[in-house]
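Visitor: 3D model of this:
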Amino acid sequence: MSSEIVAILLLGLAGFLLGGVYANWKKARGLAIALLVCAVLAAGGAVAWLTS
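Guide: Residues are numbered from 1 along each chain as shown. Take a look at the predicted model:
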C-alpha cells in the first residue's frame, strides 16, 4: 500500500472520530474527550506518515 493511501485513510479515520466527538459532546463528555484524543493521534500519524 502506498504511503499516500495510508495517510488518507488515517485522515478519514480522524474525521470520523471528530464526528463522534461532535455527536457525543453533550451526552457523554468523557467518551467525546477520548474520541478527540484518538482523532488527534490519527491526524498526527497521518502527518508523520506523509513527512517520513
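
Visitor: element containing the residue most central in space within the chain?
Guide: In the chain, the centroid-proximal residue (Cα atoms, centre = their mean) is Ala14; its distance is 2.0 Å. If you go by DSSP states H and E, Ala14 is part of helix 3-24.

Visitor: show me what that helix is packed against.
Guide: helix 29-51 (3 or more Cβ pairs under 8 Å, 6 or more residues apart in numbering; DSSP states H and E). Heads up, the C-betas are built off the backbone N, CA and C, glycines and all.

Visitor: residues in contact with the helix it packs on?
Guide: Here helix 29-51 makes contact (Cβ atoms under 8 Å, 6 or more residues apart in numbering) with 3-4, 6-8, 10-11, 13-15, 17-18, 20-21, 24-25.

Visitor: go again using 6 Å as the cut-off
Guide: For helix 29-51, the external contacting residues (Cβ atoms under 6 Å, 6 or more residues apart in numbering) are 3, 6-7, 10-11, 13-14, 17-18, 20-21, 24-25.

Visitor: show me what contacts the residue lying closest to Ala42 once chain neighbours are set aside?
Guide: Closest residue to Ala42 apart from its sequence neighbours, by Cβ to Cβ, 6 or more residues apart in numbering: Ala14 at 4.0 Å. Contact analysis of Ala14 by Cβ under 6 Å, 6+ apart lists 39, 42-43.
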